[in-house]
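S.K.: This is the structure alone, sequence omitted:
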């Protein structure tokens with residue numbers, strides 16, 4: 001059974017990639033991920049704020065733009081909340097890239113163009129095989145247009161892509177009015193891959209403390225419906241590798257996203273819930289299903305149920321919405 005796939009120009013032994021998570025904070029857990037069968041590991045993110053703090057410029061970033069963003073003064077976590085300084089992060093990449101036999105992908109997380117993007121080159125020099133650019137940005141100003149937000153993504157990508165030779169994937173938000181257009185703009189500016197989608201962790205309100213608190217809810221398989229739709233739509237129309245993230249828990253999830261057109265499926269919540277060994281169980285189930293259904297390779301099924309491949313592409317569009325509502329009405 002050939003489980004291999006190609007992502008960002010890299011030949012991977014299977015489509016399961018360990019997504020950015022606390023599991024990449026130590027060599028021990030990364031070895032466990034590799035032993036369990038992960039085909040690549042995305043490092044936990046190095047944040048723009050960490051780089052700013054390292055350069056003794058955090059005060060400037062705290063104050064910059066406060067006239068536009070009401071939350072700016074309280075946005076940044078305390079320095080103690082960060083687990084790694086930038087140099088420690090680079091040292092971990094260097095160690096992982098030499099000790100592991102699978103590719104190590106650096107992760108850079110920020111929201112403004114600037115000097116912090118130069119750490120992309122430092123990750124490359126440390127041994128990263130590729131880079132995931134995570135632009136976790138929430139517009140809160142009524143003066144910022146949708147075009148302004150899109151241009152910000154493009155400008156950050158241009159800076160990062162211009163400083164490295166390794167492939168760069170952009171981790172996208174689902175909150176664009178035209179995802180295909182944004183995707184194509186990013187590919188035109190050098191993105192070798194698109195990771196769909198970034199999960200925006202929603203805040204909660206603590207009624208005892210009367211305060212807004214950060215919240216982390218691990219995903220379940222239902223969460224992969226959103227990337228499934230857009231990967232299915234983008235497959236064959238966008239010349240970039242496609243990675244599915246959010247809601248990848250089972251072999252069935254991997255199969256569905258592959259059939260939609262994903263080159264790789266990235267796991268985070270499933271690994272935090274079940275540990276790295278979960279990957280080996282999913283791979284066994286994946287091979288079992290393929291054997292029962294007479295598939296010889298992942299490539300054979302990739303994109304077979306994408307928007308451009310199925311007889312009724314409207315299933316990915318408005319027709320799906322109407323059919324879903326009608327079906328629910330009949331059931332009740």
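M.R.: Sure, I can see it. All values derive from a computational prediction rather than experimental measurement. Residues are numbered from 1 along each chain as shown.
S.K.: Please report the residue range of the longest helix in this protein.
M.R.: helix 146-163 (DSSP state H).
S.K.: partners of whatever helix or strand comes next after that helix in the sheet?
M.R.: Using DSSP states H and E, the helix or strand that follows helix 146-163 in sequence is strand 168-172. Strand 168-172 pairs in its sheet with strand 130-134 (parallel), strand 193-196 (parallel), by DSSP bridges.
S.K.: Can you tell me which of the ones you listed is nearest to residue 112?
M.R.: Smallest distance to residue 112 across the strands paired with strand 168-172 (Cβ to Cβ): 13.0 Å, for strand 130-134. All C-beta spots, glycine's among them, are computed from the backbone N, C-alpha and C.
S.K.: And the contacts of the closest one?
M.R.: Applying Cβ atoms under 8 Å, 6 or more residues apart in numbering, the external contacts of strand 130-134 come out as 8, 10, 20, 42, 45, 103, 105-110, 120, 123-124, 156-157, 160, 164, 166-171, 192-193, 195, 198.
S.K.: picking up where we left off before, what would the strands paired with strand 168-172 look like in JSON lines with mean pLDDT?
M.R.: Output for these, formatted as JSON lines (pLDDT from 0 to 100):
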{"stretch": "strand 130-134", "mean pLDDT": "96"}
{"stretch": "strand 193-196", "mean pLDDT": "98"}
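S.K.: just checking, residue 41 is part of a strand?
M.R.: Yes: residue state for residue 41 (DSSP: H, G, I helix; E, B strand; the rest coil) corresponds to a strand.
S.K.: Please name the bridge partners of it.
M.R.: Assigned bridge partners for residue 41, using DSSP bridges, are residue 18, residue 104.
S.K.: ditto for the one 5 residues further on
M.R.: Per DSSP bridges, residues listed as beta-bridge partners of residue 46: residue 108.
S.K.: wait, it sits on residue 118?
M.R.: No: taking contacts as Cβ atoms under 8 Å, residue 46 lies outside contact range of residue 118: 11.6 Å.
S.K.: More neighbours: these two, which one.
M.R.: A side-by-side neighbour count of residue 46 and residue 118, using other Cβ atoms under 10 Å, places residue 46 first with 27 against 13.
S.K.: how about the helices of the stretch 1-150 of the chain, start to end?
M.R.: 27-36, 48-54, 58-63, 72-75, 86-99, 119-126, 146-163 (DSSP state H, counting those that start in this stretch).
S.K.: Who are the contact partners of residue 292?
M.R.: With Cβ under 8 Å, 6+ apart, residue 292 has no contacts at all.
S.K.: Now do it, the pLDDT please.
M.R.: We have a pLDDT of 97 for residue 292.
S.K.: Next: residue 315.
M.R.: 77.
S.K.: That one: neighbour count?
M.R.: 14.
S.K.: secondary structure class for it?
M.R.: Going by three-state DSSP: residue 315 is helix.
S.K.: where in the protein is pLDDT low?
M.R.: Across the chain, the ranges flagged by pLDDT under 70 are 54-84, 319-332.
S.K.: Let's see that with 90 instead.
M.R.: For the chain, the stretches with pLDDT under 90 are 1, 47-85, 110-118, 135-141, 198-206, 212-219, 310-332.
S.K.: Next, find the distance separating residue 122 from residue 25.
M.R.: 18 Å (Cβ to Cβ, to the nearest Å).
S.K.: of those two, who's got more company?
M.R.: Legend: neighbour count by other Cβ under 10 Å for residue 122 and residue 25, higher for residue 122 (20 against 15).
S.K.: Check which residues of stretch 153-163 are buried.
M.R.: Applying a neighbour-count criterion of 16 or more other Cβ atoms under 10 Å, one finds 153-154, 156-157, 159-161, 163 buried in stretch 153-163.
S.K.: Stretch 221-231 now?
M.R.: 223-224, 226-231.
S.K.: Would you format those residues as CSV with secondary structure and distance to residue 211 included?
M.R.: Listed next are these as CSV, based on DSSP: H, G, I helix; E, B strand; the rest coil; distance: Cβ to Cβ, whole Å:
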residue, secondary structure, distance to residue 211
223, helix, 27
224, helix, 32
226, helix, 30
227, helix, 32
228, helix, 36
229, helix, 36
230, helix, 35
231, helix, 38
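S.K.: which one of these is nearest residue 272?
M.R.: The closest of these to residue 272 turns out to be residue 223 (Cβ to Cβ; 13.9 Å).
S.K.: what's the spacing between the residue lying closest to that closest one once chain neighbours are set aside and residue 217?
M.R.: Nearest residue to residue 223 in three dimensions, chain neighbours excluded: residue 247, at 3.1 Å (Cβ to Cβ, 6 or more residues apart in numbering). Distance from residue 247 to residue 217, counting by Cβ to Cβ: 12 Å.
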